[in-house]
Structures are given as structure tokens and as C-alpha cells.
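Enquirer: Here is a sequence together with a model predicted from it:
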Amino acid sequence: MAVTLINPPGLPVVEVYHQVSVATGSKLVHVAGQVARTADGTLVGEGDLAAQVEQCYVNVAAALAGAGAGFDDVVKLTVHVVDWRPEKMGALVEGIGRAAARLGFTAAPPASLFGIVTLDVPEHLVELEVTAVVD
């Protein structure tokens, strides 16, 4: 495995991600921000943040697979949520949990969450982008 996830002493342990990833692979994979649309362009989960988060992860998994990678290879995850408020954390975590169960991953790479005003269209509530490293 090209990625080791750690929580160094002196930093808080956060349930949904690790503080540091150490990558030793030779191929860098950048995945464009993924939104809650199926391959044919159908919107998933209109108005439902958890459902949209789950679909974003499904799309990221497909993108990673296309590059010969998987969630264990992800070194950085960035989440953009429209109109973010702390009250939305439950739906975000629910969507991640559903995606993890559906896709069978347990990796929790370093992550950043950004509250934003809007995405490309009003129906999109979340966008997920990742960087991965593979051998």
C-alpha cells in the first residue's frame, strides 16, 4: 500500500479522518470534484445531503478505479458543502457511512471541509475531490 494514515502525538484524533497521510507511491492521481449525478447525468438525492454525499463517494470510487486506484490510495480529500452549518454534520457523516458500507472502504484520509455559497447548479449540495497515490 502506498499510503499510510497517521494521527501524530500532539494533534487531536478526529473520528472521520486522519491528520496526516504519508505517500510512497509513484503515480499521482487527481480526481475532479464529483457531484451527485449518475453516469447518465441523473441527479441523485435532490435536497438530500446524505444521499448526495453517498453518490459523490460512488463517483469518486469509479474515477479512482479508472486510474487503477481505490480509497486506500487517497492521500487528501476535500469536501465542499453548500450553505454549510454544523447542524449538517449528521447528514454528512451519514452519507459517508452509507458510502463506506456500500463500497467497502474504511480509509479516512486527511480531509478539509469548506462551506461555500453555491456549486455549478442549485441542485448540487456537495462536491468531493480527492488526490491519490499508487505504486
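Expert: Received the coordinates, thanks.

Enquirer: All the strands of this structure, residue numbers only.
Expert: In the chain, strands defined by DSSP state E lie at 3-6, 20-23, 27-34, 74-82, 111-116, 126-134, listed in chain order.

Enquirer: what's the offset of the fourth one from the middle of its chain?
Expert: Spelled out, it's strand 74-82. The chain centre lies 5 Å from the centre of strand 74-82; the measure is C-alpha atoms, centre = their mean, to the nearest Å.

Enquirer: quick one: contacts for residue 63?
Expert: For residue 63, the contact set (C-beta atoms under 8 Å, 6 or more residues apart in numbering) comprises 31, 32, 34. C-beta here means a position set from N, CA and C on the backbone, and glycine is covered the same way.

Enquirer: Quick one, grab the pLDDT at the last one.
Expert: For residue 34, the pLDDT comes out at 98.

Enquirer: Hmm, it is touching residue 53, no?
Expert: No: the pair residue 34 / residue 53 is not scored as a contact, 10.5 Å apart, by C-beta atoms under 8 Å.

Enquirer: what is in contact with the two at once?
Expert: residue 128.

Enquirer: from memory residue 3 sits against residue 72, does it?
Expert: Yes: Residue 3 is in contact with residue 72 according to C-beta under 8 Å; the separation is 6.5 Å.

Enquirer: Which neighbours do the two have in common?
Expert: Common neighbours of residue 3 and residue 72, counting by C-beta under 8 Å, 6+ apart, are residue 107.
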